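> Next one to model:
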Amino acid sequence: MLRLGVNIDHVATLREARYRGLAKGEPDPVAAALQCEAAGAHGITAHLREDRRHLQDRDLARLREKIRTRLNFEMGNTPEMVRIAHATRPDIVCLVPERREEVTTEGGLDVVAREDSIAKTRRSLNERGIEVSLFIAPDLDQIEAAARVGTQFVELHTGAYAEAFDQPDRREAELRRLIDAAELAYQRGVRVNAGHGLTVPNVPSLFVVPRLEELNIGHHIISRSITVGLSAAVQEMLQAMKGYRGSPGG
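You can find the predicted model right below:
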């Protein structure tokens, strides 16, 4: 079964638009996370950024306390974030690139250029019982580097696929990249998740990509929730994900 992790960052983005700097405000990302769980989400993803543009430290602490599925903590590979991960003990950490000028994470982590640092962080987190994922482009060199640093998961960046979805030739090329990356990761003993830019219309075409275990989706679900409500938006996505047969043993 293909699992759904819901990224609740943009709930906090809306809150911070009015209540930035205050220890209160609405909407509450923790309440949203609990509603996503109740609607059937298999996990919650939360990205605490260096500049705290959306989620705040208190949100992460409350998420760890309240949610009952799986907490996926997205973070930059920095000493501060490693310390926070050690203290919070999420189920899994996903290391992502982070640039202050971007609105959301736009590219994959360059594991090839930072193998030593990433390997050190991976060991530190694994020693505390925290699994590690690397958010990377579907690039074979990056897959090989991810395997060398010993990560348990990669999360394949599906942004290029999402952007090419309405252009058949480009879409097929991006799907081929994802297929090849997923197969290589599996051959190297690395488990495979995916995310970025995924929507109810474009998820079913992703079913040709083998070995996927989880999709992490935020913006589309939070956007749809404005129209149909959060529970309905989660359930729409879960329905779109039904029928996937590419996971190991699936």
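
> Pretty sure residue 6 sits against residue 215.
No - in this structure residue 6 lies outside contact range of residue 215 using C-beta atoms under 8 Å: 9.7 Å. Yep, even glycine has a C-beta here, placed from its N, CA and C like the rest.

> Check which residues of the longest helix along the chain are buried.
The longest helix of the chain (DSSP state H) is helix 168-187. For helix 168-187, burial by neighbour count (16 or more other C-beta atoms under 10 Å) applies to 171, 174, 175, 177, 178, 179, 181, 182, 183, 184, 185.

> Next, work out how far apart the second one and residue 164 are.
With the distance defined as C-beta to C-beta, to the nearest Å, residue 174 ends up 5 Å from residue 164.

> again with the fourth one
Computed with C-beta to C-beta, the distance linking residue 177 and residue 164 is 10 Å.

> Next: the fifth one.
Shown here: residue 178 relative to residue 164, a distance of 11 Å by C-beta to C-beta.

> same check, this time on the third one
As judged by C-beta to C-beta, residue 175 and residue 164 stand 9 Å apart.

> Now do the SS call for the residue most central in space within the chain.
Central residue of the chain (C-alpha atoms, centre = their mean): residue 216, 4.3 Å from the mean position. Per DSSP: H, G, I helix; E, B strand; the rest coil, the secondary structure class of residue 216 is strand.

> For the residue lying closest to residue 66 once chain neighbours are set aside, which three-state class applies?
The shortest distance from residue 66 to any non-neighbouring residue, by C-beta to C-beta, 6 or more residues apart in numbering, is to residue 30 (5.7 Å). Secondary structure for residue 30, judged by three-state DSSP, is helix.

> Counting neighbours, go ahead and name the busier of residue 6 and residue 215.
When residue 6 and residue 215 are compared for neighbours, residue 6 comes out ahead with 30 against 24, by other C-beta atoms under 10 Å.

> Bridged to the residue nearest to the centre of the chain, which residues?
Residue 216 has the following beta-bridge partners by DSSP bridges: residue 5, residue 195.
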